[in-house]
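Peer 1: pasting a predicted model and its sequence here:
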Amino acid sequence: MLIIFLGAPGSGKGTISEKLVKSHNFKHISTGDIFRKMIKSKTPLGNKLKNLIEEGNLVDDETTWEVAKETLENSDLKKEKLILDGYPRNIFQAKLLRKYLESINFKNVKIIYYNVSDKEILERLSGRRMCPICGKSYHLKFVKPKVKGICDDDGGELYQRKDDMNVQVRIDAYKEVTEPLIDFYKKEKKLIIIDAEMNIEDIVKKTLEVTS
């Protein structure tokens, strides 16, 4: 099964995915995580991605599709429950993905939109902190570490991602480019909407119900 997670930055897609992977054997593929690995490699493409992401902009369609397609080709969609997080980001990408799935005659696709208000997004992202070692996410208000500023798992010193310092830019980019996907999938009668301001356990439970 291919499960596409849609939602604004800060809607909780990563946290939901983490819980599903740990407790229900889902496989999580985040284009953002792949991009960050490329950035650490400091290749020309990695440096290009670094500049784009730090400025709060989206990565171009061609580069993103290359990453997504390679990921799908290396996955067993018939046996795995694969979460695709961060792709597609716009209607053009959605059409590329649809064409690819049609070419391999694959139809078991769920599209979930995690709905959350702009006010909630601003609060979530402005307080998010990351571990530079394991990548675990914390929040100054909602998910505090046991020791202030330190990762519970490996003692890494938590930091604020540069793109989280440009929250409004990210929200504006999402609304302009990605939000039209909601109507696109609604017209195809494939969209499942989940209230992402519920308790995280309730969100996970609802996600399991619609992907069972």
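Peer 2: Nice, thanks for sending it over. Numbers count the residues shown, from 1 in each chain.

Peer 1: from here on, just use CA atoms for contacts and neighbour counts.
Peer 2: Will do.

Peer 1: per-residue confidence for the closest residue to residue 89 other than its chain neighbours?
Peer 2: Once flanking residues are discounted, residue 89 sits nearest to residue 178: 5.0 Å by CA to CA, 6 or more residues apart in numbering. Looking at residue 178, its pLDDT is 84.

Peer 1: if I look at residue 178, how far off is residue 121?
Peer 2: 15 Å (CA to CA, to the nearest Å).

Peer 1: now do residue 136
Peer 2: As defined by CA to CA, residue 136 lies at a distance of 19 Å from residue 121.

Peer 1: please apply the same query to residue 111.
Peer 2: 21 Å.

Peer 1: same deal with residue 95?
Peer 2: From residue 95 over to residue 121 (counting by CA to CA), the distance is 28 Å.

Peer 1: comparing these two, which shows the higher neighbour count?
Peer 2: With neighbours defined as other CA atoms under 10 Å, residue 95 and residue 121 compare such that residue 121 has more, 19 against 13.

Peer 1: which strand or helix spans the more buried one?
Peer 2: Element membership for residue 121 (DSSP states H and E) is helix 118-126.

Peer 1: name the surrounding residues that touch that helix.
Peer 2: 8-11, 139, 164-165, 167-168, 171 (CA atoms under 8 Å, 6 or more residues apart in numbering).

Peer 1: and stretch 23-42, by the same measure?
Peer 2: In contact with stretch 23-42 (CA under 8 Å, 6+ apart) are residues 17-18, 20-21, 45-47, 49-50, 64, 67-68, 71, 80-87.

Peer 1: quick one: which of those sit in helices?
Peer 2: 17-18, 20-21, 45-47, 49-50, 64, 67-68, 71 (DSSP state H).

Peer 1: of those residues, just the buried ones, ChimeraX syntax please.
Peer 2: Buried members of these, defined by 16 or more other CA atoms under 10 Å, are picked up in ChimeraX with:
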select :17,18,20,21,46,49,50,64,68
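
Peer 1: nearest to residue 155, of the ones in helices among the contacts of stretch 23-42?
Peer 2: residue 18 (19.9 Å; CA to CA).

Peer 1: show me the contacts for that closest one.
Peer 2: Applying CA under 8 Å, 6+ apart, the residues near residue 18 are residue 28.
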